[in-house]
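>>> Generate coordinates for the sequence data below:
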Amino acid sequence: MAETTTNQERTPNQGLVAIACAQQANLLTHIQAGQQELAVETVHQLRVATRRMGAVLPVFRKVIDPVALDAFSQSLSNLRRAAGMLRDHDVTGEHLAEWPWPIALRPWREALLQPQSAVRESLANELAVRLKSAALHGAVLMLGHVLEELSRSPEGTAVEARLQANLTKRIRKARDRMAETIIKAVKQQTPEALHAIRIAVKKLRYGLDLARALGHTEVNKELKFLKELQSEIGVHHDVHVVQEALAQYAVTHADLLPPAARQTYKNQQRLAHRRQARRAVRIMMLGYEWMNRYRTEADTSHSTEREGATEEPA
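Residues are numbered from 1 along each chain as shown. You can find the predicted model right below:
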């Protein structure tokens, strides 16, 4: 795939300024929804909105005043962290509830789920405080004002060209970072290293999503591939979370476990370990396939562009 490049012919109201304005409005909508209630889906959509806004903000570095941009980014980071903690808790609870528990281990499910409600209430209260923060609202509204001013700038075409050049650089760096995490995961062979690939995939996907919104349809195949890779890592991570919860419970309640439950747990762990190993191999294969198919093409395209830029005109 050729590396995404700046589309100089695109007008400002079709470009990244317009996308950022839409993301800011979307974020504000989900903040207001969160103030009303913090249901599971509401928290999920809020977290996605913060991530998408977080993906587009760095593109505006050296375009928006750096002090203001840092203030926006910090407020967004605090909100994303609070929403992320609650969302992760919800996902863990869902997995524990939906896990195909063997009959001998079903009492463990109730024991593990029982404290979930109190923990969720505490995390929801923390997020509610963030959502009602005057500093957050001031930052989000000020961001909207700054973006609106940019959209009306007489230098809009030049600004848009600079923004799209910034996006191209960020996509290149995201690819480099993802390749590094893949190589590191191969060496370490740990769930944490695999999860790092998932995070790198998300960051690259958000950048490519912006490129696609600008009309770069050449990224569609890579986006589809990354979605598959992210899904595989997601399953691996979800299983790991449940297995960790089971392992911790087994250690803290070892003296209360009947022999049948202990044996069932050991059998279940062995089976899960084998399946996780196969998933890990699949993830590594997909990671190397991405490096060979997409990163190699992007590097080749970037090298060609640099060579062309140094040629003397005829």
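
>>> Leaving out chain neighbours, which residue sits closest to residue 151?
residue 17 (5.0 Å; CB to CB, 6 or more residues apart in numbering). No exception for glycine: its C-beta is placed from N, CA and C like everyone else's.

>>> The one you found is in what secondary structure piece?
Applying DSSP states H and E as the criterion places residue 17 in helix 16-36.

>>> Quick one: distance of whichever helix or strand comes after that helix to the chain centre.
On the C-terminal side of helix 16-36, the nearest following helix or strand under DSSP H and E is helix 40-56. Helix 40-56 sits 9 Å away from the centroid of its parent chain (CA atoms, centre = their mean, to the nearest Å).

>>> For helix 40-56, name the packing helices and strands.
Helices and strands touching helix 40-56, by 3 or more CB pairs under 8 Å, 6 or more residues apart in numbering; DSSP states H and E, are helix 16-36, helix 66-98, helix 191-213.

>>> Report the inter-axis angle for the first one versus helix 191-213.
With axes from the mean of the first three to the mean of the last three CA atoms, to 10 degrees as the basis, helix 16-36 and helix 191-213 are set at 120 degrees to each other.

>>> cool, and the second one?
Note on geometry: by the same axes, to 10 degrees, helix 66-98 and helix 191-213 are set 120 degrees apart in direction.

>>> buried set for helix 66-98?
Across helix 66-98, burial judged by 16 or more other CB atoms under 10 Å covers 69, 71-73, 75-76, 78-80, 82-87, 89-93, 96.

>>> Stretch 20-35 too?
Buried residues in stretch 20-35 (16+ other CB under 10 Å): 20-21, 23-24, 27-28, 30-31, 33-34.

>>> try stretch 174-193
174-175, 178-179, 181-182, 185, 191, 193.

>>> quick one: that stretch to chain centroid distance?
Counting by CA atoms, centre = their mean, stretch 174-193 comes out at 16 Å from the chain centroid.

>>> Kindly export it (C-alpha atoms) in PDB.
Taking Å, rounded to 0.1, in the frame of the first residue of the first chain, the C-alpha atoms of stretch 174-193 are listed here in PDB:
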ATOM      1  CA  ALA A 174       2.500   4.700  14.300                       C
ATOM      2  CA  ARG A 175       3.600   2.000  11.800                       C
ATOM      3  CA  ASP A 176       7.100   2.100  13.200                       C
ATOM      4  CA  ARG A 177       5.800   1.800  16.700                       C
ATOM      5  CA  MET A 178       3.600  -1.100  15.800                       C
ATOM      6  CA  ALA A 179       6.500  -2.900  14.200                       C
ATOM      7  CA  GLU A 180       8.600  -2.400  17.300                       C
ATOM      8  CA  THR A 181       5.800  -3.900  19.600                       C
ATOM      9  CA  ILE A 182       5.500  -6.900  17.300                       C
ATOM     10  CA  ILE A 183       9.200  -7.600  17.400                       C
ATOM     11  CA  LYS A 184       9.200  -7.100  21.200                       C
ATOM     12  CA  ALA A 185       6.200  -9.400  21.700                       C
ATOM     13  CA  VAL A 186       8.000 -12.200  19.700                       C
ATOM     14  CA  LYS A 187      11.000 -11.900  22.100                       C
ATOM     15  CA  GLN A 188       9.000 -11.600  25.300                       C
ATOM     16  CA  GLN A 189       6.100 -14.000  24.700                       C
ATOM     17  CA  THR A 190       4.000 -12.500  27.400                       C
ATOM     18  CA  PRO A 191       0.300 -11.400  27.500                       C
ATOM     19  CA  GLU A 192       1.400  -7.900  28.300                       C
ATOM     20  CA  ALA A 193       3.500  -7.700  25.200                       C
END
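
>>> Could you give the average pLDDT over that stretch?
Averaged across stretch 174-193, pLDDT comes to 92.

>>> outside of that stretch, which residues touch it?
194, 196-197, 199-201, 203-204, 207, 236-237, 240, 280, 283-284, 287-288, 290-291, 294-295, 298 (CB atoms under 8 Å, 6 or more residues apart in numbering).

>>> Give me the buried subset of the residues you listed.
194, 196-197, 200-201, 203-204, 207, 236-237, 240, 280, 283-284, 287, 290-291, 294-295, 298.

>>> Please enumerate the helices of the stretch 151-300 of the chain.
156-188, 191-213, 220-252, 259-290, 296-310 (DSSP state H, counting those that start in this stretch).

>>> Could you measure from the residue nearest to residue 151 over to residue 61?
Going from residue 17 to residue 61 by CB to CB, to the nearest Å gives 14 Å.

>>> In terms of neighbours, single out the busier of the two.
residue 17 (25 against 14; other CB atoms under 10 Å).

>>> And the pLDDT for the more buried one?
According to the model, residue 17 scores 94 on pLDDT.

>>> need the contact list for it.
147, 150-151, 156, 159-160, 163.

>>> And for residue 123?
Taking CB under 8 Å, 6+ apart, we find residue 123 in contact with 82, 85-86, 89.
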